[in-house]
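S.K.: sequence and computational prediction follow.
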There are 2 protein chains.
Amino acid sequence: MRFETSTIKDIAKALGLSTSTVSRALRDRYEISEETKKLVLAYAEKVNYRANPIARSLKERRSYSIGIIVSEIANNFFSQVINGIESIAYDRDYHVIISQSHESYKQEKLNVEHLASRSIDGLLIALSSETQDIDYLRSLYAKGLPIVFFDRVPKDFETHKVIANNFKGSFDATEHLILSGKRIIAHLTNSENLSITKERLEGYKAALAKYHIEFKPELVKYCQHGGMHSAELEQAVKELLPFNPDGIFISSDRLTTGCIMALKKTNPEVAHKIAIAGFTNSNLVELFNPSLTSVKQPAFEMGQVATELLISMIEAKRPITEFETKVLDTELVKMAKR
Amino acid sequence: MRFETSTIKDIAKALGLSTSTVSRALRDRYEISEETKKLVLAYAEKVNYRANPIARSLKERRSYSIGIIVSEIANNFFSQVINGIESIAYDRDYHVIISQSHESYKQEKLNVEHLASRSIDGLLIALSSETQDIDYLRSLYAKGLPIVFFDRVPKDFETHKVIANNFKGSFDATEHLILSGKRIIAHLTNSENLSITKERLEGYKAALAKYHIEFKPELVKYCQHGGMHSAELEQAVKELLPFNPDGIFISSDRLTTGCIMALKKTNPEVAHKIAIAGFTNSNLVELFNPSLTSVKQPAFEMGQVATELLISMIEAKRPITEFETKVLDTELVKMAKR
DNA sequence: GACGTTTTTGGGAACGTTTGCACACTTTTT
DNA sequence: AAAAAGTGTGCAAACGTTCCCAAAAACGTC
């Protein structure tokens, strides 16, 4: 803000003290008499003093804020994660700054670098589907920026990570399809770059294997843009239909809703014949028609856990050498009976 | 970041220049020789110099960032608005900081004040449903913080505002219900505090009047928490059903989806008999069952327009005395035939 | 070559904090 | 009674910029 507001200096002058004393009183430092502290606090209250966080950041080289990078806030999963992050961060006196990569590597890098230059104390990030090169993150990390990955994590990066049990979630969903009698189960998934894509594919394969159903690579379709481009998605669906799948297991929020939409639009006659099971954190699934079986990730909790880990890194006295990868269980919400 | 990075001082020392000269070269000021400028820029490039925005903010008392307050990013309408805001802001070299009020007045005030203390250059805000007292905004505004309201705007606040044509949107939706033969049309709406609530109620009334249908206050139910508390919503729906409505016009995103959900849950047998028309920007309406007629707000555009207005205020040379309230048209998306 | 004018550069204060150090004053110890 | 230890305060530097002001350099004119 470009307008006047009372500063430590003003208080010092008004009270005939030095700025150092005032600062110490406000920050509740050790070497300060009860009396002066009371005095300063009372006066500060009176003039409605607000510390200038910018000045503090500059001096201390930290900002008490943490950066978040997600691909889209419009995605229920991510907005729930953000709520989880906020719930912990605010408790611990951190603020959060949210940025969207829109699944673009370039945008992601730009945002991260801007956040870093704004002195964020730590970063929580779910990689974009385009991202392959994470050297820019490595270099920030090497310079001392604490980073915690969630959901979409890189391998070969030694830090805390929080993910869902993607293998089990996929396994359960696929098994559910099989147990309801489906035999030709397609798999629609995200960019191959993503960790979640690989893990979910494995779960799908394992479920097929358990029931002795042959895995057919042609039944797996990847969408580079994670469902952001409807044309890409429709194309994938179109390529899948000739195999006459009776079930589709879909591995991400955007893709799940997008796929149903594409089916309804391009092949309404089969839309109800194909059973769908997919990852989604939409709180509107109950309204969907055709209905579907959904795999819900513990998004809020994931945000909380990631934030706790990040803050522990930020506030650690000594360099951390032991890192954890927390794995949280997903929940299978079975399709309503029709 | 608490780690070393090259500064203007470093460059000055390395090149045997003064910090002032380097600063001028970097900022492309007038009084500087081409030669030195080239030299400095080349070196800056080489050492990958990044200006420290914190220092700049402190010095200039502005931050090239704008604050956004919405109630929930998980709401499609707001996340689309945010995308619109970003699209303009980034073009004009501003960054955005998003905060959520979660429909709480206290949280809203806290967030605004934090943003203000972080030297945001301007504020874009949609009021929370709880907010009645906006004196804290007035006082910031009086101190020089540019504010543009969107969607949920206060009256008696002289500044730019951007809203949807709520009256017409409601009128159209209600008329649509009437034209499809409905006669007992209930209205489920937000907190009475909100500007949108009043405007939408008027549109609803006007449509009823046009077709000589008596307006009955008991058919209007307000939800203080805007659909955030499902109990409140279910209660409202329960109170409406005894009147045997054959149509419901709903005035907000959260309420629309929430109401359908409540109907399905508590009275599945009537859920399909009641025609629903409601405001929502969900991109999943096509999947809903029962289907509904939706009023879509031009959310992205609203964000864009609001941001343009805000930036014009921020960059205005002289105090602005003429303010506009832009009204954008909504779009009625009629229910698919069943 | 002295002088004025213009262009380029440097010195240094300022933005609002925090903090190491020194100093003054009290209290305790010897 | 002097020395030591403890407590509270102030001074001043620092964080990385920007920008006013003055100095220096370059150039033109007579």
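M.R.: That came through fine.
S.K.: return the set of buried residues in stretch A:301-318.
M.R.: In terms of neighbour count (16 or more other CB atoms under 10 Å in any protein chain shown), stretch A:301-318 has its buried residues at A:301-311, A:313-314. For every residue, glycine as well, the C-beta is placed using N, CA and C.
S.K.: just the ones of these in helices?
M.R.: A:301-311, A:313-314 (DSSP state H).
S.K.: in JSON lines: those residues, plus distance to residue A:42.
M.R.: As requested, these are exported to JSON lines (distance: CB to CB, whole Å):
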{"residue": "A:301", "distance to residue A:42": "42"}
{"residue": "A:302", "distance to residue A:42": "44"}
{"residue": "A:303", "distance to residue A:42": "39"}
{"residue": "A:304", "distance to residue A:42": "37"}
{"residue": "A:305", "distance to residue A:42": "41"}
{"residue": "A:306", "distance to residue A:42": "40"}
{"residue": "A:307", "distance to residue A:42": "35"}
{"residue": "A:308", "distance to residue A:42": "36"}
{"residue": "A:309", "distance to residue A:42": "40"}
{"residue": "A:310", "distance to residue A:42": "36"}
{"residue": "A:311", "distance to residue A:42": "32"}
{"residue": "A:313", "distance to residue A:42": "38"}
{"residue": "A:314", "distance to residue A:42": "33"}
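S.K.: how about residue A:124: what's its closest non-neighbour residue?
M.R.: residue A:68 (4.9 Å; CB to CB, 6 or more residues apart in numbering or on different chains).
S.K.: in what helix or strand does the one you found lie?
M.R.: In the assignment (DSSP states H and E), residue A:68 maps to strand A:65-70.
S.K.: coming back round to it: could I get the buried residues of stretch A:301-318 as a markdown table with pLDDT and distance to residue A:153?
M.R.: Below are these laid out as a markdown table (pLDDT from 0 to 100; distance: CB to CB, whole Å):
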| residue | pLDDT | distance to residue A:153 |
| --- | --- | --- |
| A:301 | 98 | 16 |
| A:302 | 98 | 11 |
| A:303 | 98 | 15 |
| A:304 | 98 | 17 |
| A:305 | 98 | 13 |
| A:306 | 98 | 10 |
| A:307 | 98 | 16 |
| A:308 | 97 | 17 |
| A:309 | 97 | 12 |
| A:310 | 97 | 14 |
| A:311 | 96 | 19 |
| A:313 | 94 | 15 |
| A:314 | 93 | 19 |
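S.K.: tell me who's in contact with the nearest residue to residue A:332 once chain neighbours are set aside.
M.R.: Leaving aside its sequence neighbours, residue A:332 sits nearest to residue A:172 (CB to CB, 6+ apart; 4.8 Å). Residues near residue A:172 by CB atoms under 8 Å, 6 or more residues apart in numbering or on different chains: A:203, A:207, A:295, A:330, A:332.
S.K.: picking that back up, would a markdown table of the ones in helices among the buried residues of stretch A:301-318 with distance to chain B be doable?
M.R.: Compiled in a markdown table, these are given as follows (distance: CB to the nearest CB, whole Å):
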| residue | distance to chain B |
| --- | --- |
| A:301 | 16 |
| A:302 | 15 |
| A:303 | 12 |
| A:304 | 16 |
| A:305 | 19 |
| A:306 | 17 |
| A:307 | 15 |
| A:308 | 20 |
| A:309 | 19 |
| A:310 | 14 |
| A:311 | 15 |
| A:313 | 12 |
| A:314 | 10 |
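S.K.: sweet, I'm off.
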